[in-house]
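Novice: just coords:
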């Protein structure tokens, strides 16, 4: 207690972030359209490297993964990562998609942020996305013998779901 | 003859026991699988999903007004703040201008909710470590807040007082008077909490130096609320991303650096003082005006993505909405504070005893429906 804090600290602007991050990997796509954050779309192969760079680079220091969401975009399945830096207080969103709906597989980021352990298990449970190198990838909420992945858009359960 | 013990990969002296799903210390239907060596915990694995209702899937077929009602079934002790999170998401997406009166009332009730939640937590925290009296003290004070809620919102727990665009109805004429009475009352009662429990030697031995969480780990595990702040991690959404009337009031973010069970306990006690201070600053200055602005009967958010963060009694609640421009969200994700806070339980409990696990878990302040959304 007694710590005086400056809550106004602003980190890098979205433009500066975009310039810096695009210099690491020119294939990244950036967008600020329809969102309050800067969004990066990355290919699954480049995901883990980008994430560890975002966390460890001294200018970005994204050490707080405050949200990890699975999304079914219709054709593709993917994950959205919301990141914040507790040092600079700037935020960024990273999106990754895979078109493989049979065996969608992405790299785990649990070794970068420990909170990803549970969140990735939730995504595996509800979207069926597998995460490479995850230490304990099994269903989190549903039972092991549950068939299908309920949060996918093409999931049908005629008995338990009430369709209006 | 083969036995099951050989088939499992346990060492000879290790065994596992079930804690829950029907256990008073798990505060709901949470099952913990404990791997134990003697009385030393080797591993804690939460088994979730006993009351999962898939609120996120239901939200995809519901209107935004309906989703508000689902949210107070998540963390029911922060129901007003959960409602507010969804309402703020919708209002920001529609760029609605919300009257100051609404903002102030929302903040007052939000802070009352926080006090009510913390008093209940304090009661059960004492009970978890064997002090039964605290439960009655905590409930005595919480009742008064619930009475205020009942008069103004019509409900004591799942309040549904917020709607997109404002409040469902204006405050009750007695509201200001009763809130002031409560503050006067609670200022004399909160010091009793310290004399009864905080200074108790047995309690301090049970909590100090137990369940230590470092600041780095707190950030990595996504801890928020008093769990993060007990480790010296400044994570108060009310400070970093103020919403409603929170940018107009002065209050301190309570931080402690010890990171143990007692630090998390002390943060919550201190936060009740801060909440009272916020209420006092606002209660005499509720602006006149409308208690809601008109919205369309069918709310359609413009195509895009929206994220809203609020500070519930447990920590950071995030609402992530992907809208395609229809009356339902395409995808709605709740980033609940309890979910991330629970994920660090194994980290702080390993190496301790079962009794320490109970004490640590009490200061994580788990509400299971918040985890099993």
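Specialist: Now that the structure is in, tell me what you want to look at. Predicted, not measured: the structure shown is a model, and the values here were computed from it.

Novice: Can you classify the most centrally placed residue in chain B as helix, strand or coil?
Specialist: Centrality entry for chain B: nearest residue to the mean C-alpha point is residue B:314, 2.6 Å, by Cα atoms, centre = their mean. Under DSSP: H, G, I helix; E, B strand; the rest coil, residue B:314 falls in the coil class.

Novice: where do the helices sit along chain A?
Specialist: Secondary structure of chain A (DSSP state H): helices at A:14-24, A:47-56, A:116-127.

Novice: Beyond the helix or strand hosting residue B:346, next helix or strand please.
Specialist: Assigned by DSSP states H and E, residue B:346 belongs to helix B:345-349. Per DSSP H and E, helix B:345-349 leads on to helix B:354-364 as the next helix or strand towards the C-terminus.

Novice: Run through who's touching whatever helix or strand comes next after that next one.
Specialist: Where DSSP H and E defines the elements, the next helix or strand beyond helix B:354-364 is helix B:368-371. The contact list for helix B:368-371 (Cβ atoms under 8 Å, 6 or more residues apart in numbering or on different chains) reads B:26-30, B:48, B:50-51, B:73-76, B:314, B:336-339, B:342. No exception for glycine: its C-beta is placed from N, CA and C like everyone else's.

Novice: do that again at 6 Å, thanks
Specialist: B:28, B:29, B:30, B:74, B:75, B:336, B:338, B:339, B:342 (Cβ atoms under 6 Å, 6 or more residues apart in numbering or on different chains).

Novice: for stretch B:160-172, same thing?
Specialist: B:64, B:69, B:83-84, B:87, B:90, B:102, B:105, B:151-153, B:291-293, B:295.

Novice: ranges for the helices of the stretch 1-150 of chain B?
Specialist: For the stretch 1-150 of chain B, the helices defined by DSSP state H, counting those that start in this stretch cover B:4-7, B:55-59, B:64-71, B:79-94, B:100-128, B:133-153.

Novice: Any chance of a markdown table for these, columns mean neighbour count?
Specialist: Formatted as a markdown table, these follow (neighbours: other Cβ atoms under 10 Å in any protein chain shown):
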| stretch | mean neighbour count |
| --- | --- |
| helix B:4-7 | 9 |
| helix B:55-59 | 20 |
| helix B:64-71 | 21 |
| helix B:79-94 | 25 |
| helix B:100-128 | 24 |
| helix B:133-153 | 18 |
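
Novice: Which one of those helices has the poorest average confidence?
Specialist: Among those, helix B:4-7 carries the lowest mean pLDDT, at a mean of 56.

Novice: Please confirm that residue B:332 is located within a strand.
Specialist: Yes: assessed with three-state DSSP, residue B:332 lies in a strand.

Novice: Low-confidence stretches in chain B?
Specialist: Low-confidence segments of chain B, defined by pLDDT under 70: B:1-12, B:25-26.

Novice: Pull the number of nearby residues for residue A:102.
Specialist: Residue A:102 has 5 neighbouring residues, counting by other Cβ atoms under 10 Å in any protein chain shown.

Novice: ditto for residue B:252
Specialist: Quick note: residue B:252 (other Cβ under 10 Å) scores 17 neighbours.

Novice: Tell me which of the helices of chain A lies nearest to chain B.
Specialist: For the helices of chain A, proximity to chain B was assessed by Cβ to the nearest Cβ; helix A:116-127 is nearest, at 4.1 Å.

Novice: Other residues contacting the closest one?
Specialist: Contacting residues not belonging to helix A:116-127 are listed as A:68, A:70, A:77, A:108-110, A:129, A:131, A:134, A:137, A:139-142, A:149-151, B:343 [Cβ under 6 Å, 6+ apart].
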